[in-house]
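Colleague: structure, please.
(chains A and B, ligands or ions: 4)
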There are 2 protein chains.
Amino acid sequence: MSKKTVIVGGVAGGATVAARLRRLDENMEIVMFEKDEFISFANCGLPYHIGEVIKDRSKLLLQTPKAMKDRFELDVRVFSEVVKVDPVAKTVTVNSKDRGTYEESYDYLVLSPGASPMKPPIKGIDSKKVYSLRNIPDTDAIKAEVDKNTKATAIVIGGGFIGIEAAENMVERGLNVILVEAVPHILAPFDSELSMIAEAEMESRGVELHLGDGVSEFIEEGNKISVKLASGTVLTGDFVVAAIGVKPETGFLKDSGIVLGPRGHIVTDDHMRTNFENVYAAGDAAEIVDFMTKGRTAIPLAGPANRQGRIIADNIAGIDRKYSGSMGTSILKVFDMTAAATGMNERNAKRAGIPVKAIFIHPNSHATYYPGATQLSAKLVFTEDRKVLGAQAVGYDGVDKLIDVIATAIKFGATVDDLAELELAYAPPFLSAKSPANMMGFVAQNTLEGLADNRTIDEFNAEYDPAAMVLLDVRDKIEVENGSVDGMVHIPLNSLRARMSELPKDKLIWIYCQVGLRGYIAARILNQNGYMTKNLSGGYKLINFAKF
Amino acid sequence: MSKKTVIVGGVAGGATVAARLRRLDENMEIVMFEKDEFISFANCGLPYHIGEVIKDRSKLLLQTPKAMKDRFELDVRVFSEVVKVDPVAKTVTVNSKDRGTYEESYDYLVLSPGASPMKPPIKGIDSKKVYSLRNIPDTDAIKAEVDKNTKATAIVIGGGFIGIEAAENMVERGLNVILVEAVPHILAPFDSELSMIAEAEMESRGVELHLGDGVSEFIEEGNKISVKLASGTVLTGDFVVAAIGVKPETGFLKDSGIVLGPRGHIVTDDHMRTNFENVYAAGDAAEIVDFMTKGRTAIPLAGPANRQGRIIADNIAGIDRKYSGSMGTSILKVFDMTAAATGMNERNAKRAGIPVKAIFIHPNSHATYYPGATQLSAKLVFTEDRKVLGAQAVGYDGVDKLIDVIATAIKFGATVDDLAELELAYAPPFLSAKSPANMMGFVAQNTLEGLADNRTIDEFNAEYDPAAMVLLDVRDKIEVENGSVDGMVHIPLNSLRARMSELPKDKLIWIYCQVGLRGYIAARILNQNGYMTKNLSGGYKLINFAKF
Ligand SMILES: Cc1cc2nc3c(=O)[nH]c(=O)nc-3n(C[C@H](O)[C@H](O)[C@H](O)COP(=O)(O)OP(=O)(O)OC[C@H]3O[C@@H](n4cnc5c(N)ncnc54)[C@H](O)[C@@H]3O)c2cc1C
Ligand SMILES: Cc1cc2nc3c(=O)[nH]c(=O)nc-3n(C[C@H](O)[C@H](O)[C@H](O)COP(=O)(O)OP(=O)(O)OC[C@H]3O[C@@H](n4cnc5c(N)ncnc54)[C@H](O)[C@@H]3O)c2cc1C
Ligand SMILES: CC(C)(COP(=O)(O)OP(=O)(O)OC[C@H]1O[C@@H](n2cnc3c(N)ncnc32)[C@H](O)[C@@H]1OP(=O)(O)O)[C@@H](O)C(=O)NCCC(=O)NCCS
Ligand SMILES: CC(C)(COP(=O)(O)OP(=O)(O)OC[C@H]1O[C@@H](n2cnc3c(N)ncnc32)[C@H](O)[C@@H]1OP(=O)(O)O)[C@@H](O)C(=O)NCCC(=O)NCCS
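Modeller: Ligands and ions are numbered 1, 2, ... in the order given. Next up, the predicted model:
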């Protein structure tokens, strides 16, 4: 007799399980429950439909129940919410629009219910003028507000990916956009140096940022809504998009016996199995292994959801397939910029008690002599024993490529020496002969080998003491004229050998150039002549960003 | 007493050694000999200066002897050709413009003389109208021809990287360009399916291609030059650019005792050392380890030259650093397209006697619902025991990223399963949730696990027998109306379950769709119902390209 698989949730994880499982098994009965109207929609495209970058709404609907039936012989049931799971009896209870409440039995159960927007208990958050963005109806509602008045003021709460995408797309439509973030910087996966670059980009495009200031209350006032912040600031706009984070939609599992993690995620093993052998979970609702720390985590992103779905289908069909955990590789368009990250950032690593080193470089996206090259800002985090822990980059071009290369390297446990040795595809329109990934490896090697004491901007800010130390600017005159740090001593790199006697040997010399490279060369010259130096990794460019 | 390093060749490998060595050692005496006028120039930018993409000639000159002196305290001697090396006496003999012939002693010697254009003994090849392209004077000469008459006809000999870049840049200037290639397809690092796509792009931009036809004679005729081909075809143009390949410029080492390889390359060990402990070699002239086969090879590309240079400097300065070989990652702009490859192609693997599998996919550069996505054509070569050997891709966007990711994975000995698991940066403007690299892994897994017998176009062409087999087209009606293969049976995928009884169970069924995906799904349906199938990897898109 053929077996039956029941799937809860019909989008990224769920639909992928269904499609793959059918390819593997023509005889499996496959029933997919979706509580809303739509399956297989492009969650990630929703903000761009609001921005009319994706004009045609139907493009967001990648599959319909009919198309899934035709191609994959699936029994897709929309408007059908699974409200209870009994993993001992192997049944689910369904509340459906068309058939009322009924039970459905299964041999295998796959849970991919996703995550829903967090709604912290802030006064007024239930106002109709406070929207969130998860699905097609949410998108329709926000887009209707925008279409109604493209001169409106929108207040976005939350500087994470969805908040920033919403903000950008509303700016593109002409709205006046204010963004509020409770912690000091937007973009939690990034260290603050990089977040600041993205913040500058947003501000340059007219987004009003309120950072380090949480919401204490939403107040409807006639046609308007006001947002009161912890600082006392009151912002007034036409509507609010709250994108404060997501929580797993696992309420229906509460009494099922399926083990949930501390924040409500479904605990899975390396086969994406729950504590019941024939019950699997994927996607935003699943708790998985953190590839970096080997601890437990949950990564609400589509790539993992899709790959986990395929692994589940394989395991159900008898192909043994393991999931080795997520490293949280993520990317975001911020107007004309791209911001991407993989693995651990310095803040996370330190919080986890891992002693790390970090370097910051500003390489070009391709050979500078070929037109169109732009500078990336890129940070590498690594350990004393040379292992790469993570990378982050922001820029106009080549950011996605760099981070994908580092994510691939991390997957294999790369060291900084491996990065230095990567053989990437170089021709002038595409890269430099020493690619940004190589360069990260080089600079990290130099740090570890003590060739230069490359330091982060945080360390500079914490440690530089004008009274006891010298600050040396080794840039050219014209660069200095465009801005420099008060109190610095200016000796251009090319004059350093001749003029180093002007510097003291008994004081620590902090060196900076524009990006860090000349500072490093200066450090090499001085170190070998008996001076004590530290070089600011990232250079004046970073000091300058920090001024925002 | 301070030591002295002598460097032969002042560009990619040589200048990198010099710069790095100075950073490592302020006291080392560093003398760099360059036989021509220019050091540190952008070889790779030369074709783009002819095309005026890089308008300003001075941009090609990354460093001057004076700048290198100022920053790195180097003794750069141009117009100084090293004509002899005596590694026992530790001296080189120099023919210089300003000082005549003299000897220079060294403690360490670094050889980075590069490679010069091959000039096979073809009658007439010494004509003044036959140019080659290696350095600034060559570029000036070709550019002068182009500037003189932008309606001229140029004949390019050789369909390698330099030939194609020269052709493209002359087309961009308005010239009529003919390209001659002796073997059946351009772009030797690629298998023919991919070369054909690049050929189509070139033809669509007006380049007249003569493939599989070698040159037998060059004949000057007044202002014109004729090129006679093996086939008897005679082409007539205003000038010729011969880009037939390069050979190491190691003539001056002939009697030195330094061991050269079969084609004249300097044999190096894993520290880039020659058979003399204090003599190193880098770049185009060096014979190194083939990272894939562990045999010997030479890769005339700038990335390896630069990294080898850095490794040599490290070893001279006492930092132990090894070179693990090159995998030949390379990339090329072909008008609006990009072609890139890494590792082994199917042809090379077969030639080396390695039994390989290959799959061909046409993934999109990013999520299709976000504007601007374009299709890549990508091939993965791997072994029965799952190891990735190489990849090639051609397309308009995302080719460089895909190949860099695969090159990184290969560096760590990746399997196809590793590719399936990569966690790359996904948001709709940048990638698909199932990225092309993941997709390569998926399709390869399916091939290895026997889910579908995915076959290459070569196998299809060799094995498909209309008399004994069925050819099944599973595309939609409208696609079939735009072209199909004669004699096929048409059953759209979504009708296959209902109509499969129309197909025979005792004959092999070759399936094709547009790119391979639906063919794979069809194969799964048929296989599980007792049919024998093979699926054409790459689909009709590939058949269509093969028609060119
Ligand atoms: C606006 C937005 C932008 C995003 N952008 C990106 C991006 O750029 N890159 C990226 O990687 N990720 C992005 N994501 C995240 C990505 O969409 C999710 O990680 C992914 O969809 C998770 O897949 P899933 O299957 O776990 O959940 P979902 O895709 O959310 O699917 C879960 C489905 O289950 C249904 N469901 C829930 N409970 C039940 C129940 N009890 N019974 C029946 N049905 C139920 C829900 O209605 C929902 O349709 C974005 C998400 C949003 C909302
Ligand atoms: C037109 C063109 C386009 C290219 N495009 C790309 C590309 O897109 N990507 C890529 O990776 N690579 C590309 N390359 C290849 C790349 O430039 C080389 O791989 C790289 O420059 C090799 O470095 P090298 O130090 O070995 O030799 P070179 O950079 O060629 O330097 C060798 C120098 O040594 C000098 N010399 C030789 N013999 C002596 C002697 N006896 N005494 C003194 N001096 C001597 C020569 O005059 C020369 O200047 C391109 C090359 C050319 C010509
Ligand atoms: C639409 C959806 C059902 C498609 O699922 P899918 O069929 O598994 O995925 P794809 O259409 O990308 O096809 C992938 C399959 O094609 C195969 N394939 C792709 N190209 C191929 C080719 N040229 N030859 C042979 N097979 C090929 C792959 O191997 C894979 O099959 P496998 O999993 O059996 O190995 C599912 O992805 C979905 O619902 N997505 C929307 C929701 C979502 O992901 N949201 C978040 C992002 S916005
Ligand atoms: C110009 C040339 C001399 C430069 O050599 P170089 O100084 O080694 O190279 P770069 O200018 O790229 O600098 C790289 C160095 O800067 C360091 N660096 C880069 N960014 C840094 C930063 N932000 N902070 C600290 N150090 C940094 C790197 O670590 C590396 O130093 P290292 O090798 O000591 O580790 C050499 O590359 C050359 O001649 N190129 C032209 C020829 C050529 O390559 N042709 C083929 C391609 S067209």
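
Colleague: and the gap between whichever residue of the stretch 51-200 of chain A sits closest to ligand 1 and ligand 3?
Modeller: Closest to ligand 1 within the stretch 51-200 of chain A is A:Gly114: 2.6 Å, counting by C-beta to the nearest ligand atom. (C-beta placed from N, C-alpha, C; glycine too.) Computed as C-beta to the nearest ligand atom, to the nearest Å, the A:Gly114 to ligand 3 distance reads 10 Å.

Colleague: where does that residue land on pLDDT?
Modeller: pLDDT recorded at A:Gly114 is 98.

Colleague: and the residue of chain A that's closest to ligand 2?
Modeller: For chain A, C-beta to the nearest ligand atom, closest residue to ligand 2: A:Ala427, 3.3 Å.

Colleague: now do the contacts for the nearest residue to the residue of the stretch 51-200 of chain A closest to ligand 1 once chain neighbours are set aside.
Modeller: Using C-beta to C-beta, 6 or more residues apart in numbering or on different chains and skipping the chain neighbours, the partner closest in space to A:Gly114 is A:Asp284 (4.6 Å). For A:Asp284, the contact set (C-beta atoms under 8 Å, 6 or more residues apart in numbering or on different chains) comprises A:13, A:114-115, A:246, A:248-249, A:298, A:300, A:305.

Colleague: what sits against the residue of the stretch 51-200 of chain A closest to ligand 1?
Modeller: Contacts of A:Gly114 by C-beta under 8 Å, 6+ apart are A:9, A:11-13, A:134, A:248-249, A:283-285.

Colleague: tell me how many other residues crowd A:Pro137.
Modeller: Counted with other C-beta atoms under 10 Å in any protein chain shown, the neighbours of A:Pro137 add up to 11.

Colleague: in the helix or strand hosting it, what counts as buried?
Modeller: When elements are assigned from DSSP states H and E, A:Pro137 belongs to helix A:136-148. For helix A:136-148, the neighbour count (16 or more other C-beta atoms under 10 Å in any protein chain shown) marks A:136, A:138-139, A:142-143, A:145-146 as buried.

Colleague: and the residues you listed as a markdown table, adding pLDDT and distance to ligand 4?
Modeller: Putting the buried residues of helix A:136-148 into a markdown table (pLDDT from 0 to 100; distance: C-beta to the nearest ligand atom, whole Å) gives the following:
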| residue | pLDDT | distance to ligand 4 |
| --- | --- | --- |
| A:Ile136 | 97 | 45 |
| A:Asp138 | 98 | 43 |
| A:Thr139 | 98 | 42 |
| A:Ile142 | 98 | 41 |
| A:Lys143 | 98 | 43 |
| A:Glu145 | 98 | 45 |
| A:Val146 | 98 | 41 |
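
Colleague: ok, those residues vs A:Pro120, which is closest?
Modeller: Using C-beta to C-beta, A:Asp138 comes nearest to A:Pro120 of these, at 17.8 Å.

Colleague: need phi/psi at the residue nearest to the closest one when sequence neighbours are not counted.
Modeller: By the measure of C-beta to C-beta, 6+ apart, the closest residue to A:Asp138 outside its immediate chain neighbours is A:Ser132, 6.1 Å from it. Here is the backbone geometry of A:Ser132 (degrees, to the nearest 10): phi -130, psi 170.

Colleague: relative to A:Ile299, how far out is A:Ser132?
Modeller: 20 Å (C-beta to C-beta, to the nearest Å).

Colleague: same question for A:Thr408.
Modeller: 17 Å.

Colleague: now A:Thr533
Modeller: In terms of C-beta to C-beta, A:Thr533 sits 40 Å off from A:Ile299.

Colleague: if we can go back for a sec, just read off the phi/psi values of the residue nearest to A:Gly114.
Modeller: Main-chain dihedrals, A:Asp284, degrees, to the nearest 10: phi -60, psi -30.

Colleague: same check, this time on A:Val485
Modeller: Backbone torsions for A:Val485, taken as degrees, to the nearest 10, come to phi -90, psi 130.

Colleague: for the one 5 residues further on, same thing?
Modeller: For A:His490, the backbone dihedrals are phi -100, psi 110 (criterion: degrees, to the nearest 10).

Colleague: identify the residue nearest it in space, chain neighbours excluded?
Modeller: Nearest one to A:His490, counting by C-beta to C-beta, 6+ apart, is A:Asp473 at 4.9 Å.

Colleague: can you pull the contacts of that neighbour?
Modeller: For A:Asp473, the contact set (C-beta under 8 Å, 6+ apart) comprises A:480, A:484-485, A:488-491, A:512-513, A:540.

Colleague: again, only this time at 6 Å
Modeller: A:484, A:488, A:490 (C-beta atoms under 6 Å, 6 or more residues apart in numbering or on different chains).

Colleague: per-residue pLDDT, the second one?
Modeller: I take that to be A:Met488. A:Met488 is assigned 96 on the pLDDT scale.

Colleague: what secondary structure does A:Ser116 sit in?
Modeller: Here A:Ser116 is strand, with the state taken from DSSP: H, G, I helix; E, B strand; the rest coil.

Colleague: so what's it closest to, chain neighbours aside?
Modeller: Using C-beta to C-beta, 6+ apart and skipping the chain neighbours, the partner closest in space to A:Ser116 is A:Glu249 (4.9 Å).

Colleague: what about that neighbour, distance to A:Arg499?
Modeller: Remark: distance between A:Glu249 and A:Arg499 (C-beta to C-beta) = 66 Å.

Colleague: go on, A:Pro189?
Modeller: Applying C-beta to C-beta to A:Pro189 and A:Arg499 gives a distance of 43 Å.

Colleague: next one: A:Leu376
Modeller: On the measure of C-beta to C-beta, A:Leu376 and A:Arg499 end up 32 Å apart.

Colleague: looking at those two, which is more packed in?
Modeller: Higher neighbour count among A:Leu376 and A:Arg499: A:Leu376, with 23 against 11, using other C-beta under 10 Å.

Colleague: show me the strands in the stretch 1-150 of chain A, by range?
Modeller: In the stretch 1-150 of chain A, the strands defined using DSSP state E, counting those that start in this stretch lie at A:4-8, A:29-33, A:75-77, A:80-86, A:91-96, A:100-105, A:108-111, A:115-117, A:130-131.

Colleague: export these to JSON lines and tack on distance to B:Asp290 and mean neighbour count?
Modeller: Shown next, in JSON lines, are these (distance: least, C-beta to C-beta, whole Å; neighbours: other C-beta atoms under 10 Å in any protein chain shown):
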{"stretch": "strand A:4-8", "distance to B:Asp290": "47", "mean neighbour count": "25"}
{"stretch": "strand A:29-33", "distance to B:Asp290": "48", "mean neighbour count": "23"}
{"stretch": "strand A:75-77", "distance to B:Asp290": "51", "mean neighbour count": "21"}
{"stretch": "strand A:80-86", "distance to B:Asp290": "55", "mean neighbour count": "19"}
{"stretch": "strand A:91-96", "distance to B:Asp290": "56", "mean neighbour count": "19"}
{"stretch": "strand A:100-105", "distance to B:Asp290": "58", "mean neighbour count": "12"}
{"stretch": "strand A:108-111", "distance to B:Asp290": "45", "mean neighbour count": "29"}
{"stretch": "strand A:115-117", "distance to B:Asp290": "48", "mean neighbour count": "18"}
{"stretch": "strand A:130-131", "distance to B:Asp290": "58", "mean neighbour count": "21"}
